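Chemist: Any chance you can model this:
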Amino acid sequence: MTLTAADIVARLRQRIVTGELETDDELSFRDIMAEWDVSMHIAFKALRLMRDEGLTMKVPGIHGMVVTEDAFDIALAWRPAPEPPVVSEAAARVVRTAIELADAEGLAAVSMRRIGEQLGIATMTAHRHAGNRAGLETMMADAIFAGHPPPQSPGGDWRARLELLCRTQWQLYRERPWLARTVSFQPSKHTAHVVAHAEWAARTLREHGLAEPAATQVAATVADFVRGAALDLAREPADPDEDTELFEFGLRRLLDGIAPLIP
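Modeler: Purely as a prediction, here's the structure:
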């Protein structure tokens, strides 16, 4: 069976934990192709994933990558991202209807009874598809974030990337003032598409030299700042220009505070 890039990275990650691969050891796509009999495409993808996780880095004069000083700690702490839950079409309709109600009338207007009325189904049927109120709100937030994934090929340094991600999240909250109340960046409450934003930020910080656990902690702090700034957006009356001005001021100060942590 042909291995995927993720399979190869898992095996290399284990070698780092066991000490078979150590700091400054070299890895090239040719090594990967020869050992696992995979295509150049898969070998390059595996190297890219290793770099994205902070396990390897590019060094001038070397064709491949070298294992980073922090690779052991990163590999030891690695946990797979949660898989997106399998959502039935009926549950997806409940979630879409809940989002439409929240957009039109605010989060307080969302109830299983209203959703049932909108869809022409019994209240208990809506409950069976979406669970309790907390579960429904979590599914609503994840559905919104699913439609706005982090950039695939971002440019710029760590600050430019975090600014881009923060402004993406801010815009989501601006468009849906109720959204901030349904999102959590706490590890115990992560959903697959929300956690993708936090992991993207942590990976950016690792790529620019910030080791774990600081990279994950800073990523969570940044996400919580944006969400916190957005929690008042549902108030009436609101001043969009003033809200954004305060957000931008706070974002600049926050990133200024992070800057000394970056090597």
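Chemist: residue ranges with poor pLDDT in the stretch 51-200 of the chain?
Modeler: Residue ranges of the stretch 51-200 of the chain with pLDDT under 70: 80-87, 153-154, 186-190.
Chemist: hey, where'd the helices end up in it?
Modeler: Applying DSSP state H, counting those that start in this stretch to the stretch 51-200 of the chain gives helices spanning 71-77, 89-105, 112-119, 123-130, 133-146, 158-175, 192-207.
Chemist: Go through the shortest one and flag the buried ones.
Modeler: Just to be clear, that refers to helix 71-77. The neighbour-count check on helix 71-77 (16 or more other Cβ atoms under 10 Å) flags 71, 72, 73, 74, 75 as buried. Using the backbone N, CA and C atoms, a C-beta is placed for each residue, glycine as well.
Chemist: quick one: contacts for the second one?
Modeler: Spelled out, it's residue 72. Neighbouring residues of residue 72 by Cβ atoms under 8 Å, 6 or more residues apart in numbering: 16, 17, 23.
Chemist: distance of residue 36 from residue 102?
Modeler: Distance, residue 36 to residue 102, by Cβ to Cβ, to the nearest Å: 48 Å.
Chemist: Emit the PyMOL select command for whichever of the contacts of residue 72 are buried.
Modeler: The buried residues among the contacts of residue 72 can be selected in PyMOL (16+ other Cβ under 10 Å) with this line:
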select buried, resi 16
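Chemist: isn't residue 196 right next to residue 149, touching?
Modeler: Yes. Shown here, residue 196 and residue 149 form a contact pair, counting by Cβ atoms under 8 Å, at 6.1 Å.
Chemist: Just want to know which of those two has more residues nearby.
Modeler: More neighbours surround residue 196 than the other of residue 196 and residue 149, with 20 against 12 (other Cβ atoms under 10 Å).
Chemist: Can you give me the distance of that one to residue 220?
Modeler: For residue 196 relative to residue 220 (Cβ to Cβ), the value is 14 Å.
Chemist: again, but for residue 245
Modeler: Relative to residue 220, residue 245 is positioned 25 Å away (Cβ to Cβ).
Chemist: same question, residue 23
Modeler: According to Cβ to Cβ, residue 23 stands 27 Å off from residue 220.
Chemist: The chain - how does it break down into domains?
Modeler: Following the assignment in automatic domain parsing, the chain carries domains at 5-77, 89-146, 158-261.
Chemist: Can you measure across the last one, start residue to end residue?
Modeler: It stands for domain 158-261. End-to-end span of domain 158-261 (Cα to Cα, to the nearest Å): 12 Å.
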